[in-house]
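Visitor: test case, fold it:
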Amino acid sequence: MDRTEKSAEPAWLRAARASIPVIAASLLGQWATWLNLAPWYAGLLKPSFNPPDWIFAPVWTSLYVLMAYSVWRILKVPARRIERRIALTLFFAQLVLNASWPWLFFGLNSPLAGLANIVPQFVVIIATIDRFRRLDLVAARCLMPLAAWVAFASLLNFEIWRLNG
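Guide: Residues are numbered from 1 along each chain as shown. Here you go, the predicted model:
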């Protein structure tokens, strides 16, 4: 890839295209979560490794910032590259899965529905990292904390389902 070649898109538009979908996913997820934390989630049995509730907001805020920065970097890759289109399709697919997980887990009060979402979500995140790596190593590395957290969240989701099933 010619790394000196730049996207013709203005920086402000690229920043908006990167941040607005990520912010929307965050807000949609928060909406479903906060509506169902008490009494449903508070009443569930949880594994010993369940983090305290206060940790989720700063972790997810950091992950969403990294996601926006990561996709912003990929949007700098020339649009005519098929690899960019595949990478962005995967990124936005994982973002849709990410935004829908709280609605399945919290909104439906269903750890099983959450589990049915989070496992493929993790797979799509890994595929996104692989595709981003081919275009921009920094962008790929920015998604690695997301993959680690979603792997942990998958285990947590599974254990909550197992303990409450």
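Visitor: where do the strands sit along the protein?
Guide: Using DSSP state E, the chain contains no strands.
Visitor: show me which helix or strand of this structure is least confident by mean pLDDT.
Guide: For the chain, using mean pLDDT, DSSP states H and E, the weakest element among its helices and strands is helix 11-36, scoring a mean of 88.
Visitor: buried residues in it?
Guide: Arg14, Ala18, Ser19, Pro21, Val22, Ala25, Ser26, Leu28, Gly29, Ala32, Thr33, Asn36 (16 or more other C-beta atoms under 10 Å). Yep, even glycine has a C-beta here, placed from its N, CA and C like the rest.
Visitor: neighbours of the residue nearest to Ala153 when sequence neighbours are not counted, just the number please.
Guide: Distances taken as C-beta to C-beta, 6 or more residues apart in numbering place Ile118 nearest to Ala153, at 6.2 Å, with adjacent residues excluded. Counted with other C-beta atoms under 10 Å, the burial measure for Ile118 works out to 24 neighbours.
Visitor: pretty sure Ile118 is touching Leu156, no?
Guide: No - assessed by C-beta atoms under 8 Å, Ile118 is found out of contact with Leu156, at 9.3 Å.
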